[in-house]
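Peer 1: quick one: sequence plus predicted model below, questions after.
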Amino acid sequence: MAEVAALGWGVWVFCCVAVFAGAMLQRLAGQGFGMVAAPMMALVAPEFLPAALLLLGAVVGFGSASVEVSAVAKRELPAGFTGRAVGAGVAAWIAASVAETGVFAVLVAGMVYLGIFLSLLGVRVAIGTVSLFSAGVVAGIMGTLTAVGAPPMALLYQHEEARRSAAMQNTFFAWGMLVSIAALALAGLIGVRHLALAGTLLPAVLLALWLAQPLARRVAKARIRPWALGLAGAAATVLVLKQVL
């Protein structure tokens, strides 16, 4: 807890705001947790990433997916789940090489920009075994290294009905957090400090999920996505500027 306390109240509150905003967007749109929270936290507490966010992301994913379980197409899960596990395994062994905070910060920003680009492509990719597995692999690599793993699946489901899209993305997101956590744990890259910070930030995540529940029935995904992408892009840009100035 000493390392968490050393952050100071200002930084801790900023991290609370980051995970609150990310969790809210993830619940409403099926994406946004990592894209928003990762660059914001990388500004002030990069030494706790990606492990602390992945731990919180598991709660966000399961909390979001559980309320839309009836919209989940179970036949689409095996290929995506397998791909995500493979991607997490590939990423785990290189995670230690980006432990230096400056390199990690730029990597996070790059993944956010890639996510925004994928989200804005607007192309329609057929949902099938190959595309689900491929998206899962890419998401596993991105998510395990930076906690930004939602965009590949978002690209697949962006043209689907809003409820189905959010349900599938949140389900893959929840599974992805688990396998990424497992991969990093096996590589010895999750410690007590990550658990401690995640524990102190957990109330902000739970509050966001609770507040999002009534909003989910009234807010269209299309209205949320521009805000999510704009906030993620702004945070990533500030992160890059911090490294180069």
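Peer 2: Cool, the structure landed.
Peer 1: how far away from the center of its chain is the helix or strand where A183 lies?
Peer 2: A183 is part of helix 162-186 when elements are defined by DSSP states H and E. In terms of Cα atoms, centre = their mean, to the nearest Å, the centre of helix 162-186 is found 9 Å from the chain centre.
Peer 1: ditto for stretch 111-126
Peer 2: With Cα atoms, centre = their mean, you get 15 Å for stretch 111-126.
Peer 1: number of residues surrounding G230?
Peer 2: Number of residues near G230 (other Cβ atoms under 10 Å) recorded here: 12. Yep, even glycine has a C-beta here, placed from its N, CA and C like the rest.
Peer 1: I'd like to know which elements the least confident helix or strand in the chain by mean pLDDT is packed against.
Peer 2: One helix or strand of the chain scores below all others by mean pLDDT, DSSP states H and E: helix 221-244, with a mean of 75. For helix 221-244, the packing partners by 3 or more Cβ pairs under 8 Å, 6 or more residues apart in numbering; DSSP states H and E come out as helix 9-29, helix 33-44, helix 101-120, helix 162-186.
Peer 1: could you dump those helices into TSV and include mean neighbour count?
Peer 2: Below are the helices and strands packed on helix 221-244 laid out as TSV (neighbours: other Cβ atoms under 10 Å):
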stretch	mean neighbour count
helix 9-29	22
helix 33-44	29
helix 101-120	19
helix 162-186	23
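Peer 1: now the element after the strand or helix carrying G63, going C-ward?
Peer 2: G63 is located in helix 51-65, with elements delineated by DSSP H and E. Sequence-wise, the next helix or strand downstream of helix 51-65 (DSSP H and E) is helix 77-95.
Peer 1: give me the contacts around that next one.
Peer 2: Here helix 77-95 makes contact (Cβ atoms under 8 Å, 6 or more residues apart in numbering) with 50, 128-130, 132-145, 149, 153, 171-172, 175-176, 179-180, 182-184, 186-187, 189.
Peer 1: give the helix, strand or coil label for A126.
Peer 2: The three-state label given to A126 by DSSP: H, G, I helix; E, B strand; the rest coil is coil.
Peer 1: please report how far it lies from H159.
Peer 2: Distance of A126 to H159, computed by Cβ to Cβ, to the nearest Å: 10 Å.
Peer 1: which of those two has more neighbours?
Peer 2: The neighbour count for A126 versus H159, taken as other Cβ under 10 Å, is higher for H159 (12 against 7).
Peer 1: so who does that one touch?
Peer 2: By Cβ under 8 Å, 6+ apart, the contact set of H159 is R124.
Peer 1: also the one 4 residues further on?
Peer 2: Remark: with contacts taken as Cβ under 8 Å, 6+ apart, R163 is in contact with 68, 71.
Peer 1: can you read off the pLDDT for it?
Peer 2: On pLDDT, R163 comes in at 81.
Peer 1: now do the one 5 residues further on
Peer 2: Here the pLDDT value assigned to M168 is 92.
Peer 1: closest to the centroid, which residue in the protein?
Peer 2: Ranked by distance to the mean C-alpha position of the chain (Cα atoms, centre = their mean), the top residue is G34 at 2.8 Å.
Peer 1: not counting its neighbours along the chain, what's nearest that one?
Peer 2: V148 (3.9 Å; Cβ to Cβ, 6 or more residues apart in numbering).
Peer 1: quick one: the residue nearest to S180 when sequence neighbours are not counted from L211, how far?
Peer 2: Of all residues not flanking S180 in the chain, T144 sits nearest, at 4.2 Å (Cβ to Cβ, 6+ apart). For T144, the distance to L211 equals 29 Å [Cβ to Cβ].
Peer 1: now do M168
Peer 2: 23 Å.
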